[in-house]
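Student: Structure here, sequence nowhere to be found:
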């Protein structure tokens, strides 16, 4: 039963991918429409790599704290 559901899901996903490849979405313009707020455009297109970097630093800090606490016992 699971193999049948997986096969149906795979066929459906392949069909969606093929439909997208045959009719791709139009390109997103880099600038907004005339008269748009440029500050809002800049904020909406902000790069959020700093969020991921801070999450990695927090995770490494938590792992280090766990290891130090575990060795102190």
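Tutor: Good, I have the coordinates. Quick caveat: nothing in here was measured; it's all calculated off a predicted structure. Numbering: from 1, shown residues only.
Student: what bits of the chain have low per-residue confidence?
Tutor: Applying pLDDT under 70 to the chain flags residues 20-21, 29-49.
Student: Would you map the helices across the protein?
Tutor: 2-22, 38-44, 49-72 (DSSP state H).
Student: which one of these lies closest to residue 28?
Tutor: Minimum separation from residue 28 across these (C-beta to C-beta) falls at helix 38-44, 11.4 Å. Just so you know, the C-beta spots here come from the backbone N, C-alpha and C atoms, and that holds for glycine as well.
Student: Dump the helices of the chain to a markdown table, plus distance to residue 28 and mean neighbour count.
Tutor: Shown next, in a markdown table, are the helices of the chain (distance: least, C-beta to C-beta, whole Å; neighbours: other C-beta atoms under 10 Å):
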| stretch | distance to residue 28 | mean neighbour count |
| --- | --- | --- |
| helix 2-22 | 15 | 9 |
| helix 38-44 | 11 | 10 |
| helix 49-72 | 20 | 9 |
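Student: Next, count neighbours for residue 1.
Tutor: 5 (other C-beta atoms under 10 Å).
Student: can you offset everything so residue one is 25?
Tutor: Sure thing, new numbering starts at 25, so read that last one as residue 25.
Student: Distance of it relative to residue 96?
Tutor: Per C-beta to C-beta, to the nearest Å, residue 25 is found 51 Å from residue 96.
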